[in-house]
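K.L.:
Quick check, what structure comes out for this input:
(one chain, ligands or ions: 1)
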Amino acid sequence: MKENILGIDVCSDTYDELAVKLLQDIDKGRKSFIVAINPEKIMKAQEDRELKSLLNQATYQIPDGIGVILASKLKKGRIRERVTGIDMMLKLCKEATNNGKRIFLYGAKPGIADEAKAKLEEMFPGILIVGTLNGYEKNEEVIERTINDSGAEIVFVALGSPAQENWIIAHKEKLNPSVYQGVGGSFDVISG
Ligand code: UDP
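P.N.:
Numbering: from 1, shown residues only. Sure, this is the predicted structure:
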C-alpha cells in the first residue's frame with residue numbers, strides 16, 4: 001500500500017511485509033528498487049521535478065524519518081512505523097540468509113565494502129555475500145560484468161543520494177539481480 005505525501009509515494013508496509021514482497025520479487029525474477037524517504041528529500045522534491053520523478057519511480061519508498069510518519073498521521077494515513085534504510089538492509093540480509101539468496105555490495109571507499117561484508121558475515125552466519133565493488137570504480141563494463149557474474153539476487157548500492165538512485169534506474173534492466181536498495185553511508189556505518 002502507498003500513500004501520497006506532498007507528491008511523493010510512500011509505502012505503509014512494515015519490515016516484515018516488505019521482506020515478503022522482496023522475496024517474491026526475487027522468486028519471480030521481477031526487478032524492484034527501494035529508496036529511503038525522509039522529510040528533507042520530500043521538501044527538496046517540491047522544487048526539483050527530476051528528484052520527484054526519481055523517488056516516485058522506486059518500487060518501494062520506505063518512510064525513513066519521523067516527519068514522514070507525522071505527515072501521514074496528520075492526513076489520517078496508515079504509516080505508523082519508521083522503516084529506516086539501514087534496518088531495511090539488515091532485515092533483507094537476515095531474510096536472504098534464511099532463504100539462501102545471494103547479496104552484492106557496491107559502493108563506498110576502497111576496502112569499506114569488504115569490511116562491511118566481514119561484519120555482516122559475523123552478524124548473519126551463513127549469509128551469502130557473493131561480491132563487492134568500491135563506489136569509485138566507474139568503468140561500466142567492469143561494474144556490470146562483476147555484478148552479473150557474481151550470481152547475486154540483491155544489490156545494496158552505497159553511492160549517496162541521489163547518485164545511487166540514478167545509478168539503479170540506469171542499470172537495473174541490464175543487470176541480473178532482482179532487488180536493489182540505495183543505502184547511502186550504510187557500508188561506512190556497518191564497517192565502522
Ligand atoms: N560514494 C561512492 N562513490 C562516489 C561518491 C560517494 O561510493 O562517487 C560513497 C561514499 O564513500 C559514502 C557514500 O557514498 O560511503 C555516501 O554516504 P552519505 O552518508 O553521504 O550518503 P547519504 O545517505 O547522505 O546520501
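
K.L.:
all helices in the protein, in order from the N-terminus.
P.N.:
Using DSSP state H, the helices of the chain run over 15-28, 39-47, 49-56, 66-74, 85-99, 112-123, 140-150, 163-171, 186-191.

K.L.:
packing partners for the first one?
P.N.:
Using 3 or more Cβ pairs under 8 Å, 6 or more residues apart in numbering; DSSP states H and E as the contact criterion, the neighbours of helix 15-28 among helices and strands are strand 32-37, strand 60-63, helix 85-99, strand 179-182. Where C-beta positions appear, they are placed from N, C-alpha and C, glycine not excepted.

K.L.:
Show me what counts as buried in it.
P.N.:
In terms of neighbour count (16 or more other Cβ atoms under 10 Å), helix 15-28 has its buried residues at Y15, L18, A19, K21, L22, L23, D25, I26.

K.L.:
which residues are in contact with that helix?
P.N.:
11, 13, 30-32, 34, 59-60, 62, 81, 83, 87-88, 91-92, 95, 99, 101, 153-154, 178-179 (Cβ atoms under 8 Å, 6 or more residues apart in numbering).

K.L.:
Mark which of these are buried, thanks.
P.N.:
Among the contacts of helix 15-28, the ones that count as buried by 16+ other Cβ under 10 Å are 11, 13, 32, 34, 59-60, 62, 83, 88, 91-92, 95, 101, 153-154, 178-179.

K.L.:
Near the ligand, which residues of this protein? Just list them.
P.N.:
Selection of the chain residues close to the ligand by Cβ under 6 Å from any ligand atom yields 107-109, 135-136, 158-161, 184-185, 187-188.

K.L.:
again, only this time at 8 Å
P.N.:
Residues of the chain found near the ligand (Cβ under 8 Å from any ligand atom) are 36, 85, 107-109, 112, 134-136, 138, 158-164, 182-188.

K.L.:
Among these, the buried ones, what's the ChimeraX command?
P.N.:
In ChimeraX, a selection of the buried entries from the residues of the chain next to the ligand looks like this (16+ other Cβ under 10 Å):
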select :36,85,107,108,112,134,135,158,159,161,162,164,182,183,184,185,186,187,188
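
K.L.:
Quick check: end-to-end length of stretch 88-107?
P.N.:
Stretch 88-107 has an end-to-end distance of 17 Å (Cα to Cα, to the nearest Å).

K.L.:
Off-centre distance for it?
P.N.:
Distance, stretch centre to chain centre, for stretch 88-107: 11 Å (Cα atoms, centre = their mean, to the nearest Å).

K.L.:
what mean pLDDT would you report for it?
P.N.:
Mean pLDDT, computed over stretch 88-107, is 98.

K.L.:
one step back: now tabulate the buried residues of helix 15-28 in JSON lines and tack on pLDDT.
P.N.:
JSON lines is the format used below for the buried residues of helix 15-28 (pLDDT from 0 to 100):
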{"residue": "Y15", "pLDDT": "97"}
{"residue": "L18", "pLDDT": "98"}
{"residue": "A19", "pLDDT": "98"}
{"residue": "K21", "pLDDT": "98"}
{"residue": "L22", "pLDDT": "98"}
{"residue": "L23", "pLDDT": "98"}
{"residue": "D25", "pLDDT": "98"}
{"residue": "I26", "pLDDT": "98"}
